Structure formats: C-alpha cells, structure tokens
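*Asks:* Got a predicted model here, sequence first, then my questions.
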Amino acid sequence: MSWEDSEWEDFDRMLVEYRQRKAEAEAGAFYPCPPDPFGYVQTAMYGRYTKELGAFAKEEARKQHKLKKEDVDLETDELMRIKYQGRCRGRLFKAFGWLWRHTFARLGEDWVFLALLGLIMAVLSFFMDLGISMCNKGRLWLYRDLAKNPVAQYFAWVALPFCLILFSAGFVHIVAPQSIGSGIPEMKTILRGVALKEYLTFRTLVAKVIGLTATLGSGLPLGKEGPFVHIASISATLLSKLVTSFQSIYENESRNTEMLAAACAVGVASCFGAPIGGVLFSIEVTTVYFAIRNYWRGFFTAVCGATVFKLLAVWAHEEDTVKAYFQTNFTMEFPFDPQELLVFALMGVICGLGGALYVWSHRQYVLFMRRNKK
C-alpha cells in the first residue's frame, strides 16, 4: 500500500467520524428534556436553545428594570413622607418648645415634675377606687340575685372574696414579690440611702396597683394609705427616668431623695384628699431630718393630687360640688351639749397620756434589752 492510499483511508475514517458526530448532534437537538444548564461548551458549539436564552435574557432585563423603577418610586415616596412628617413634627416641637419656655420653664422643672406627679397619682387613685367599687357592687349583686337559694348565696358571698384574694396573692408573687406589704419600711430604708433592688420598677408598680385593687375589692379591712406611698414613690422614679426633661432629678441623688419625700405626701393626699395630712405624714414616716424646702414641695404636689382627685370624684358621681371624704350628720342648730365638751377634753388628755406612756415604756424596753445583751 502506498503512502497516498493510507492518506485516503485516514481521510475516509475522519469523514465517517464527522458524519456520526453530526448525526448525534442533530438527534440531541430534539431531546424533550433540556441539556445540562452548565453545558456552556455544547451550547456554544451547536447553538442549542440560543433563541430561548435570548428571550429569557430580555424578559429578565425587563423585570429587573421594572423592579428598579418600583424601588425608586418607593424610595421617593418614603423620602416625601419623611420630609412631610419631619416638617410637621418640627413645627409641633417648635410650638411646644415656645410654650414650654414661656410657661412651665419659668416655674422650674421641679414644680412641673411635682404637678405631673400629683396628676398621675390622682388618676391612679380614682381608677383604683372605681375598680374596688365595681368588685363590691358585683358581690352585692350576686348576693341579691341568689336570694332564693341560701346555700348558693352563702357560697357566692364567700367565693368572690376568696378568688380575689387568691388572685392578688398569686399575681403579686409571680410578677413582683417586692410589692408585698405596705412599702413604708422599704421607703424609709431607701430615703436613708440604701439601694433596694427592684423596689421602684414598673413591674412592682403594676403588681402593687392590681394586687391592691383586688385585695380591697375582696372586702378585707385594709387600707391603701401605706401602699400608695410606695406607688407614689415608684411613679416619681419612673417619671424622672422616662421623661428627658426630668432626668437630671433622677441623676442627682439629693434631688431624687427630695422628690421621693414629696411623693410620700402626694400618696396620702390622693387617697383622702387631705394635702396637709399628706405633708405631715411624709414628715413623720420618711426621714429623721426633714429639709424645710421640702415642706412647700410636698404641699404643692399634695394639693395638686388632692384637687384632681376631688374633681374626678365630682365628674364621676355627677355631684354638684366637692364634698368631704368622710361626711358627718351633726345638726347645725344644736351640734353638741355643753357637758360633751368636757368629756371630749378628758378623752384628749387620756389619749395624750396614753401615747406618752407607750413611748416611755418602749424606750425603757429598748434600753433594758441593750443593757442585758449578751
């Protein structure tokens, strides 16, 4: 075989292989399933799905352009909304700032703080009294509605207070155990410079208010004078923390102590509507040395709290005017007999001597225990 014959054979073999590959390529172009998405070399060589890829690219570009346009529109709307809100908010803050500078700022932030504290405590006391009244009315309603069944009447009369007491104890124990008790001993400790954990927090306030309302609504012979001293102190602490204008009160320990002493006064005043009694109570139970400047602070906030509390009572009960918290029915023509005045004076002397005797006895007991201490 010559050299030329071998070349022709090689050429024929290459031609056969080329035809076979061409036939396989044409058959693969009509496969029902798409090729491997990563077969870029085959796609470039044989032109598979070239038309579909072009249409897909155009559709994808159109979608991206539409999304970009929508994002631009949303961003423009958001900027316009923020700009409009910022303009309105700026005008509102400017007007409020002008009003604050020309009214309350001239009085001093302490007096504004005390007025707000009195208002808050009056509202709290009013709504607590409203809740207690609703519990008592519900108990009487059940008692009257079950008059035909004495057994059910008895169980209803006992079950409602039991449920309220159980709820009060469980709620206080779960939410804030620090709210247990009157709170006056703890406030004495805090005003003497001892930091008690979690005694002046919002959780303690919620537990104190709800627990006290449920307890008094059950009919137990308890009062809200002591607990309201604690509630007023918590409200004063939270107000000085949350309001930016009053944060300097919370940061200054001396001023914070003065505000807590005033809060003790408004706690009593908002319960009974007695501002002078509230100031005297705060002097009695808070500190050993009471600063003279705190008299006016305590009296001012106590007057604010007592006034708002009385006005809310007039509005709620639709009364004509402010009435005394504890009313009497003495006749104006002949209120007392002359002999009764002597008895009243004698009772005062006996009570005074009895109080002095109790203080002397307690002093002797304390001294005896100190001398005989091992």
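*Replies:* It's in.

*Asks:* only C-alpha atoms for contact and neighbour calcs from this point on.
*Replies:* Noted.

*Asks:* Give me the contacts around the helix or strand containing I234.
*Replies:* Under the assignment given by DSSP states H and E, the secondary-structure element containing I234 is helix 225-242. In this structure, residues lying in contact with helix 225-242 by C-alpha atoms under 8 Å, 6 or more residues apart in numbering are 117, 120-121, 181-184, 187, 199-202, 205, 208-209, 212, 246-250, 256, 259-260, 263-268, 271.

*Asks:* Restrict these to the buried ones and give me that as a PyMOL selection.
*Replies:* Of the contacts of helix 225-242, the buried ones go into a single PyMOL selection, burial set by 16 or more other C-alpha atoms under 10 Å:
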select buried, resi 117+120+121+182+183+184+187+199+200+201+202+205+208+209+212+246+247+249+250+256+259+260+263+264+265+266+267+268+271
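
*Asks:* Select from the contacts of helix 225-242 every entry located in helices.
*Replies:* Here DSSP state H is the test, and the contacts of helix 225-242 give 117, 120-121, 184, 187, 202, 205, 208-209, 212, 247-250, 256, 259-260, 263-268, 271 as lying in helices.

*Asks:* residues in contact with A147?
*Replies:* Each residue near A147 by C-alpha under 8 Å, 6+ apart is listed here: Q153.

*Asks:* What pLDDT does the model give T301?
*Replies:* pLDDT, T301: 83.

*Asks:* Let me see the contact set for it.
*Replies:* For T301, the contact set (C-alpha under 8 Å, 6+ apart) comprises L114, A115, L117, G118, A262, A263, A265, V266.

*Asks:* can you pull the buried residues of the host helix or strand of F344?
*Replies:* Counting by DSSP H and E, the element that carries F344 is helix 338-371. By neighbour count, and taking 16+ other C-alpha under 10 Å as the criterion, helix 338-371 has no buried residues at all.

*Asks:* ok, now stretch 152-160?
*Replies:* By neighbour count on 16+ other C-alpha under 10 Å, the buried set for stretch 152-160 is Q153, A156, W157, L160.

*Asks:* which pair in the contacts of T301 spans the largest distance?
*Replies:* For those, the farthest-apart pair by C-alpha to C-alpha is A115 and A265; their separation is 12.7 Å.

*Asks:* what domains does the record give for the chain?
*Replies:* What automatic domain parsing lists as the domains of the chain is 35-97, 109-317.

*Asks:* Nearest to F334 among these would be which one?
*Replies:* domain 109-317 (27.4 Å).

*Asks:* tell me the helices in the stretch 51-200 of the chain, going along the chain?
*Replies:* Secondary structure of the stretch 51-200 of the chain (DSSP state H, counting those that start in this stretch): helices at 104-107, 109-145, 150-175, 184-191.

*Asks:* and those as CSV, adding distance to K66 and mean pLDDT?
*Replies:* Rendered in CSV, the data for the helices of the stretch 51-200 of the chain read as follows (distance: least, C-alpha to C-alpha, whole Å; pLDDT from 0 to 100):
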stretch, distance to K66, mean pLDDT
helix 104-107, 54, 57
helix 109-145, 54, 85
helix 150-175, 53, 88
helix 184-191, 65, 81
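
*Asks:* Mind checking these for the one nearest to E284?
*Replies:* Nearest of the helices of the stretch 51-200 of the chain to E284, taken as C-alpha to C-alpha: helix 184-191 at 10.4 Å.

*Asks:* hang on, the earlier thing: and the average pLDDT for the helix holding F344 is what?
*Replies:* Looking at helix 338-371 alone, the average pLDDT works out to 92.

*Asks:* do the same with stretch 269-287
*Replies:* Per-residue pLDDT over stretch 269-287 has a mean of 77.

*Asks:* what does it rub up against?
*Replies:* With C-alpha under 8 Å, 6+ apart as the contact definition, stretch 269-287 has outside contacts at 118, 121-122, 125, 184, 187-188, 191-192, 224-225, 228, 261-262, 264-268, 290, 295, 298-299, 302-303, 305-307, 309-310, 325.

*Asks:* Buried subset of these as a PyMOL selection?
*Replies:* To isolate the buried subset of these in PyMOL, counting by 16+ other C-alpha under 10 Å, use the following:
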select buried, resi 118+121+122+125+184+187+188+191+224+225+228+261+262+264+265+266+267+268+295+298+299+302+303+305+306+307+309+310
